[in-house]
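In: Coordinates for the following, if possible.
(one chain, ligands or ions: 2)
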Amino acid sequence: MIKTIATKPYDDQKPGTSGLRKKVPVFQQENYAQNFIQSIFDSLEDFAGRTLVIGGDGRYFNREVIQIAIKMAAANGFGKVMVGKGGILSTPAASNLIRKYKAFGGIILSASHNPGGPTEDFGIKYNTSNGGPAPEKITDAIYARSKVIDSYKIFDAPDLDLDAIATLTLGDMIVEIIDPVADYAELMEELFDFPAIRNLFGLGFQMVFDAMSAVTGPYAKEIIERRLGAPEGTVRNFTPLPDFGGHHPDPNLVHAKELYDEMMSGGDAPDFGAASDGDGDRNLIIGRGIFVTPSDSLAVLAANAQLAPGYSKGIAGIARSMPTSTAADKVAEKRGIGMYETPTGWKFFGNLLDAGKVTICGEESAGTGSDHVREKDGLWAVLLWLNILAVRGESVEDIVTQHWATYGRNYYSRHDYEGVDSDAANGLIAALREKLPSLPGTKIGDLTVATADDFAYHDPVDNSVSRNQGIRVLFAGGSRVVFRLSGTGTSGATLRVYIERYEPDANRHNLETQAALADLIAAAETLADIRARTGRDAPTVIT
Ligand code: G6P
Ligand code: ZN
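Out: Ligands and ions are numbered 1, 2, ... in the order given. Purely as a prediction, here's the structure:
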């Protein structure tokens, strides 16, 4: 029943920031997914008889690849696979299952917030036994293997029925089809003060959660409406669709504009608005009349986490990706706890979390999470916000403005130039890199460059070094501009420019963000020659 199939290697299976992401037609090439999955298995050791968790965000091609992955796991000697019913598992729920059931690892099928459909995006990611994305050592090995692979193993059997909870067998391997929500909901119930949140909803607190026709729908329905008693209708777009209803399941101000407009509509707006992305690891937080930037959200959550039962002993430390604003640093400083700055990519938090150095992590790209799993977790962030709102009894706006008054405000914005010619984008970064040594001390308008470098991360746990992680230009007074190329795009290059200004004075906390950053935006153009090099007059997306 186990077949060994001859195959030819592809040369483009290099995992990016978060696994291998390509357009569906690329994945539909002969043996493309099989090659990559076999390359994963070939890069691992000692998994015979162990458990593998498999699930995805329900996007187009999810079901086909799940069947392949199950059959290949059986042929390669896994003892058991745990699969979410219907092939569904949110990324944080998969991470929880790996940890809870001491699985060897997991395969998560997702392209996160990217659109889905026959010509849209798909992805395969491997997570290790700690529940987190494989570290570079493993993803490098997978890539190396994918370039020379000449065969793969697969169990020859008809497709399994994934739509009923059941325990099946495939040869010697057990296939457990599980409720994708139950274990995750139980974990959330342990971490947060559900009675307090239930009470808040009982008082008439109004919330809107937009699941964006993606994976968090069933999770949010169960937790927010059933367990926390929010009125039916609180969770919108809750049925996961293969093409996410034709939308980008990306919870930002562009793709969740309807929610944003509703939250900004004045006194009748709901108290709290939130959304999550395709695979459930990102979050968007909006209060009545106020959007909370992911960087500010990280800082507020870190400063208030002790209000939730799961964090009542306080937090050990905070980590953020380098381009994320330094708002959280102010909290860590005041608390006298550790603060870590890592490259973009959740995988870099894994070692710090495993070593107990940090409890809460976050990224400007709308990811926040804690040591409860090893992925960022959209619903977790929403529930921690709800817990804080329930205990403090204040509005989102009050909590955020008080936070700024205490710690200062970090005005923050990201300008993306999507689909830029790759050579032009690489040329822009190379030119900046060349300029770095000459920058300190130079004046751009009223700004003086204090330091400038190409960020390199020295992991304090395993001593590994990751270089070329983004160009940082820091100005006197704590403002900065960061340039890097996205590692998650599937066509051309995306230039990201991250702009931040620190403002300690509470009398100046009410400025419009782009206006508050105008001199830094101009400085970014002067430094990098963005218009000339990319041929673009303006960013594609401003968040
Ligand atoms: C994914 C990763 C994040 C990362 C984000 C942006 O969501 O899981 O860790 O911050 O992509 O990455 P990019 O390379 O596109 O800026
Ligand atoms: Zn995601």
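In: can we go C-alpha only for contacts and neighbour counts from here?
Out: Fine.
In: Against residue 242, how distant is residue 483?
Out: Distance from residue 483 to residue 242, counting by C-alpha to C-alpha, to the nearest Å: 34 Å.
In: Distance from the helix or strand bottoming out on mean pLDDT in the chain to the middle of the chain?
Out: Of all helical and strand segments in the chain, the minimum by mean pLDDT, DSSP states H and E falls on strand 541-542, at a mean of 90. Relative to its chain's centre, strand 541-542 lies at 18 Å (C-alpha atoms, centre = their mean, to the nearest Å).
In: And ligand 1, is that strand touching that?
Out: No. Strand 541-542 stays clear of ligand 1 (C-alpha under 6 Å from any ligand atom), getting no nearer than 12.8 Å.
In: Look at the closest residue to residue 316 other than its chain neighbours and report its pLDDT.
Out: If the residues on either side of it in the chain are set aside, residue 316 comes closest to residue 358, at 5.1 Å by C-alpha to C-alpha, 6 or more residues apart in numbering. Note for residue 358: predicted pLDDT of 98.
In: hang on, residue 358 in a strand?
Out: No. Assigned with DSSP: H, G, I helix; E, B strand; the rest coil, residue 358 falls outside any strand and is coil.
In: Quick check, it in contact with residue 341.
Out: No. Residue 358 lies out of contact with residue 341 (C-alpha atoms under 8 Å); the separation is 11.3 Å.
In: before we move on, the earlier item: how much space between the residue nearest to residue 316 and residue 294?
Out: Per C-alpha to C-alpha, residue 358 is found 18 Å from residue 294.
In: Show me which of residue 483 and residue 242 is the more surrounded one.
Out: The neighbour count for residue 483 versus residue 242, taken as other C-alpha atoms under 10 Å, is higher for residue 483 (24 against 20).
In: before we move on, what SS does that one have?
Out: Going by three-state DSSP: residue 483 is strand.
In: For it, give me its contacts.
Out: 429, 470, 471, 472, 495, 496, 497, 498 (C-alpha atoms under 8 Å, 6 or more residues apart in numbering).
In: Would you mind measuring from the third one to residue 322?
Out: Okay, so that is residue 471. 10 Å.
In: what's the overlap in contacts for these two?
Out: residue 455.
In: And the least confident helix or strand of the chain, what does it pack against?
Out: If you count contacts as 3 or more C-alpha pairs under 8 Å, 6 or more residues apart in numbering; DSSP states H and E, strand 541-542 packs onto strand 409-420.
In: hang on, the earlier thing: please tell me how far the residue nearest to residue 316 sits from ligand 1.
Out: 16 Å (C-alpha to the nearest ligand atom, to the nearest Å).
In: of all of the stretch 51-200 of the chain, which residue lies closest to ligand 2?
Out: Nearest to ligand 2 in the stretch 51-200 of the chain, going by C-alpha to the ion, is residue 112, at a distance of 3.6 Å.
In: what about that residue, how many residues close to it?
Out: The burial count assigned to residue 112 is 29, neighbours taken as other C-alpha under 10 Å.
In: pretty sure it belongs to a strand, no?
Out: No. Assigned with three-state DSSP, residue 112 falls outside any strand and is coil.
In: From what I see, it and residue 278 are in contact.
Out: Yes. Residue 112 lies in contact with residue 278 (C-alpha under 8 Å); the separation is 4.9 Å.
In: hey, what's in contact with both of the two?
Out: Counting by C-alpha under 8 Å, 6+ apart, the residues touching both residue 112 and residue 278 are 57, 249.
In: Could you tell me what pLDDT the model assigned to the residue with the largest distance to the centre of the chain?
Out: Going by C-alpha atoms, centre = their mean, the residue of the chain most distant from its centre is residue 1, 38.8 Å out. Residue 1 is assigned a predicted lDDT (pLDDT) of 91.
In: hang on, it packs against residue 170?
Out: No. Taking contacts as C-alpha under 8 Å, residue 1 lies outside contact range of residue 170: 9.7 Å.
In: other SSEs contacting the helix or strand harbouring residue 3?
Out: Secondary structure from DSSP states H and E places residue 3 in strand 2-6. If contacts are counted by 3+ C-alpha pairs under 8 Å, 6+ apart, strand 2-6 sits against strand 151-155.
In: follow-up on the earlier one: anything in contact with each of residue 1 and residue 170?
Out: By C-alpha under 8 Å, 6+ apart, the residues touching both residue 1 and residue 170 are 155, 157.
In: Quick check: residue 16 touching residue 485?
Out: No. Contact between residue 16 and residue 485 fails when scored by C-alpha under 8 Å: they sit 11.6 Å apart.
In: For the two, indicate the residue with more neighbours.
Out: Between residue 16 and residue 485, residue 485 has the larger neighbour count (other C-alpha under 10 Å), namely 22 against 17.
In: Please name the bridge partners of that one.
Out: Beta-bridge partners recorded for residue 485 (DSSP bridges): residue 495.
In: and it, what does it touch?
Out: Residue 485 makes contact with 425, 470, 493, 494, 495, 496 under the criterion C-alpha under 8 Å, 6+ apart.
In: would you turn those residues into TSV with neighbour count and distance to residue 89?
Out: Shown next, in TSV, are the contacts of residue 485 (neighbours: other C-alpha atoms under 10 Å; distance: C-alpha to C-alpha, whole Å):
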residue	neighbour count	distance to residue 89
425	21	35
470	23	32
493	21	29
494	22	28
495	28	31
496	21	30
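In: returning to that earlier point: which residues are contacting the strand holding residue 3?
Out: So strand 2-6 is in contact with 75, 150, 151, 152, 153, 154, 155, 156, going by C-alpha under 8 Å, 6+ apart.
In: ok, now with 10 Å
Out: Under the contact criterion C-alpha atoms under 10 Å, 6 or more residues apart in numbering, strand 2-6 has outside partners 31, 34, 71-72, 74-76, 149-157, 171.
In: May I have the strands that pair with it, each with its orientation?
Out: Strand pairing for strand 2-6, determined by DSSP bridges: strand 151-155 (antiparallel).
In: And for the strand it pairs with, what's in contact with it?
Out: So strand 151-155 is contacted by 1-9, 31, 34-39, 41-42, 68-77, 170-171 (C-alpha under 10 Å, 6+ apart).
In: rerun at 7 Å
Out: For strand 151-155, the external contacting residues (C-alpha atoms under 7 Å, 6 or more residues apart in numbering) are 1-7, 34-35, 38, 71-72, 74-76.
In: for stretch 420-432, same thing?
Out: With C-alpha under 7 Å, 6+ apart as the test, stretch 420-432 has contacts from 492, 493, 494, 495, 528, 533, 534.
In: quick one, what contacts the second one?
Out: Taking C-alpha under 7 Å, 6+ apart, we find residue 493 in contact with 418, 419, 420, 421, 422, 425, 485, 486.
In: What separation do you get for it and ligand 1?
Out: 10 Å.
In: what does the fifth one give?
Out: Counting by C-alpha to the nearest ligand atom, the separation of residue 528 from ligand 1 is 18 Å.
In: Are any of the contacts of strand 2-6 buried, and if so which?
Out: Among those, those scoring as buried are 31, 34, 71-72, 74-76, 149, 151-156, 171 (criterion: 16 or more other C-alpha atoms under 10 Å).
In: Out of the residues you listed, which are close to ligand 2?
Out: Among the buried ones among the contacts of strand 2-6, no residue sits close to ligand 2 (C-alpha under 5 Å from the ion).
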